[in-house]
Structure formats: C-alpha cells, structure tokens
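In: only geometry, no sequence info:
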C-alpha cells in the first residue's frame, strides 16, 4: 500500500511559484505576481520554457499599445467609446506584465534560468515599455494637440528610470534608498509599482482620456524626482 507521501503530487504549486517572486511593489505582489504564478504553473505543465512567456509578454504588450495608438484619434473624435480602449489596455497590459512576472518565477522554480534568458527578458521589457509610452503620448496628443514636444520627450526618458533602477538592483551591489517595509511606505511606493502604474493609466484611458496629459506630467515629476534622488543617494554612498 502506497503512503500518503508517495501519493502526493511532487510538481510545484501556484504558491511555490509565487514564493520565488522578485516583488515589484504592493500591487504587483498582491495581484500581478499571483497571476504570474498561475501562468508559470500552466507553462510548467505544458513544458514551456521561460522565454516563451517572455516573448508572449512582448507580443501582447506591443499589440495592446499599437491598438491604443491606432484608436487614439477615433476616441478623441468620439467615434470609439473611451471605455472600450481603456478596458483593452487594462486587460492587455496587466496580463502582459503578469507574464513578465511569470517567466522569472518559472525559471527559478524549474532551474531554467540563464544569462541569455535574462537579457531577452530585459530587452523585451524595454520594447514593451517604449510601446506603452508611445500609446500614452499618442493619446495625449490626440486629446490635446498642443501638448509640448519637450514634455513628451521628458516623459519618455524619465519613464525608463524604473526599469533601469530595477536592473541595477538585480546585481550584487543593489541598494535601496528606503528600506522600510511598513504599510505606509509601501503605499507611497505604489507610484513606482509598475502593476499599479499601468492600472492607473488604463483607468484614465477608460474614464477620462483627456487627463492623460496630466498623468504624463505627474509621472514625469515622480520619475524625474526619483532619478535625481537616486543620483544623490548613490553619489553620497560613493564618497563615503
């Protein structure tokens, strides 16, 4: 007679995949990383490699952003309901990000991580985020044709601060300016939680696309301020 242990399924569970997640913030850890764990579990059962999830994330992210760009004009003209585009962006960007969470979880749990896979992951993240920035900029320009070029350029440049700092924190010399994990601090950090950020962007697209310009202004200030603070923090540490 087989024991209960021998009858147990040795394959990893959703909780096993979520346990190895790399964070990302309160929203990401509570929603995106859990959805990513489900995707990782399905991929593991299907025998897929992590890079398959990475490429799927890229394709879905690009397709969503391209659609938002294509419909920016019709939405501004009132020919397409804003909520349709917003819902599409909400689902598309969130699922794409969850797949981005899943590829790392799958790699770590199944031991399929590699330097090449990590490079593909970062490059796909860059491509997907460039497309997302273009989607928001296209919407702002369609809603407010007088949107300054310098604002679009500054928004695009500072948007990448999160991605750059995330990559820098993955190495042996990683450091955080604010190490507290208290709830108030984590709530403040939601402004830099990618899952929360794309959620807010999609909601604004759905209910008030005319405010996308001000969303760009807000994120430019937040990300630009974080960049300056990071430079000061790192410079201070280097002079010690």
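Out: That came through fine. Small disclaimer: the values here were computed from a predicted structure and weren't measured. Residues are numbered from 1 along each chain as shown.

In: use CA for all of it now, contacts and neighbours both
Out: OK.

In: quick one: residue 160 and residue 108, what's the gap?
Out: Per C-alpha to C-alpha, to the nearest Å, residue 160 is found 25 Å from residue 108.

In: again with residue 210
Out: 42 Å.

In: Where does the prediction get shaky in this protein?
Out: Counting by pLDDT under 70, the chain shows low-confidence ranges at 1-9, 166-186.

In: That one: helices as residue ranges?
Out: 4-7, 14-19, 26-27, 33-46, 50-77, 82-110, 115-143, 149-159, 161-168, 183-188, 194-207, 212-238 (DSSP state H).

In: TSV please, covering those helices and showing mean neighbour count.
Out: Output for the helices of the chain, formatted as TSV (neighbours: other C-alpha atoms under 10 Å):
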stretch	mean neighbour count
helix 4-7	8
helix 14-19	18
helix 26-27	20
helix 33-46	22
helix 50-77	20
helix 82-110	23
helix 115-143	19
helix 149-159	17
helix 161-168	14
helix 183-188	12
helix 194-207	20
helix 212-238	15
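
In: Surely residue 227 touches residue 159?
Out: No - look at residue 227 against residue 159 with C-alpha atoms under 8 Å: they stay out of range, at 10.1 Å.

In: Enumerate every residue touching the closest residue to residue 88 other than its chain neighbours.
Out: In this structure, residue 88 finds its nearest non-sequential neighbour in residue 64, 7.1 Å apart by C-alpha to C-alpha, 6 or more residues apart in numbering. By C-alpha atoms under 8 Å, 6 or more residues apart in numbering, the residues touching residue 64 are 88, 89, 92, 93.

In: and the third one, what is it in contact with?
Out: This points to residue 92. The neighbourhood of residue 92, defined by C-alpha under 8 Å, 6+ apart, consists of 60, 61, 64.

In: now swap in residue 223 and tell me
Out: Taking C-alpha under 8 Å, 6+ apart, one finds 158, 159, 161, 162, 192 in contact with residue 223.

In: The residue nearest to the fourth one when sequence neighbours are not counted: how many residues sit nearby?
Out: This points to residue 162. Excluding its sequence neighbours, the residue lying closest to residue 162 (C-alpha to C-alpha, 6+ apart) is residue 192, at 7.0 Å. Other residues near residue 192 come to 18 when the count uses other C-alpha atoms under 10 Å.

In: how close does residue 192 sit to residue 47?
Out: Look at residue 192 and residue 47: by C-alpha to C-alpha, they are 34 Å apart.

In: Residue 144 now?
Out: Look at residue 144 and residue 47: by C-alpha to C-alpha, they are 48 Å apart.

In: With neighbour numbers in mind, choose between the two.
Out: Neighbour totals were compared for residue 144 and residue 47, and residue 144 leads with 15 against 9 (other C-alpha under 10 Å).

In: That one is in contact with residue 210, isn't it?
Out: Yes - contact criterion C-alpha under 8 Å: residue 144 and residue 210 qualify, at 7.3 Å.

In: show me the contacts for residue 195.
Out: Residues near residue 195 by C-alpha under 8 Å, 6+ apart: 24, 27, 28, 32, 94, 97.

In: can you redo these as CSV with distance to residue 38?
Out: Shown next, in CSV, are the contacts of residue 195 (distance: C-alpha to C-alpha, whole Å):
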residue, distance to residue 38
24, 17
27, 16
28, 14
32, 10
94, 14
97, 13
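
In: between those residues, which is nearest residue 120?
Out: Of all these, residue 120 sits closest to residue 97, with 14.9 Å by C-alpha to C-alpha.

In: That closest one: what's it in contact with?
Out: Per C-alpha under 8 Å, 6+ apart, neighbours of residue 97: 32, 57, 61, 195.

In: give me that answer again for 6 Å
Out: Residues counted as contacts of residue 97 (C-alpha atoms under 6 Å, 6 or more residues apart in numbering): none.
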